[in-house]
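# curious how this folds, go ahead:
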Amino acid sequence: MRFFRLPVLGAILFFGVVCAQEKPKSQPTKETEKVRDSDVDVDFPEGGTYGFQRLLISIIDPNKINQYEHLPMEVQEKIKKTNAAPDITLTANLAFTVELDGTLSNISAKGENQSFNKEIERAVKSIQTKWIPSEANGKKIRSHMKFPIKMVF
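Residues are numbered from 1 along each chain as shown. The predicted structure follows:
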């Protein structure tokens, strides 16, 4: 009977300690604090977001993109043998942060074709025009931007 009480008592103490643990609450720091509503939205000075997209498309060099890279090897070999180049649509999601001074940081393009992603990132980094940052309560704030990019070859 004594051997039965000891494991039961141990289990009760163990579960009592485990269940009593509190999860620490993370508080955002001022630097990472997100503002949901801004008084003035982020803007690109040369035609807004549409102007930015036009500029980006004009800078992208299609010769630096291997449009078949994301396809399986069998499909790539079949295309080479037949010399038939099908229409290929490449997509990527471009994301970046507009800093307080209008510069861009955390530039990343994610899609299934790595050469396309790299070319988009290179093109964005080569744009020298600074963005007009968002404002909330009269202060400039960082903004996170996302753009879907699609090209047909």
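# just the residues contacting stretch 101-108, thanks.
Contacts to stretch 101-108, defined as Cβ atoms under 8 Å, 6 or more residues apart in numbering, come from residues 94-99, 121, 124-125, 127, 130-133. Placement of C-beta: from N, CA and C, glycine included.
# residue ranges for the helices of the chain, please.
Remark: helices assigned in the chain by DSSP state H are 2-19, 48-59, 73-82, 114-126.
# buried ones among the contacts of stretch 101-108?
Buried by 16 or more other Cβ atoms under 10 Å: 94, 96, 98-99, 121, 124, 131, 133, out of the contacts of stretch 101-108.
# in TSV: these, plus pLDDT and distance to Ser143.
Putting the buried ones among the contacts of stretch 101-108 into TSV (pLDDT from 0 to 100; distance: Cβ to Cβ, whole Å) gives the following:
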residue	pLDDT	distance to Ser143
Leu94	97	14
Phe96	97	9
Val98	96	5
Glu99	96	9
Glu121	98	19
Val124	97	15
Trp131	97	8
Pro133	95	6
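# which residues does the closest residue to Leu55 other than its chain neighbours contact?
Nearest residue to Leu55 in three dimensions, chain neighbours excluded: Ile127, at 6.3 Å (Cβ to Cβ, 6 or more residues apart in numbering). Contact partners of Ile127, counting by Cβ under 8 Å, 6+ apart, are 52, 55-56, 59, 104.
# Val152 too?
Residues near Val152 by Cβ under 8 Å, 6+ apart: 87-90.
# quick one, what contacts Phe116?
Neighbouring residues of Phe116 by Cβ under 8 Å, 6+ apart: 65, 67, 69, 90, 92, 109, 151.
# which non-adjacent residue is nearest the last one?
The shortest distance from Met151 to any residue other than its chain neighbours is 5.2 Å, reached at Leu90 (Cβ to Cβ, 6+ apart).
# before we move on, the earlier item: ok, so of the buried ones among the contacts of stretch 101-108, who is nearest Gly47?
Trp131 (12.1 Å; Cβ to Cβ).
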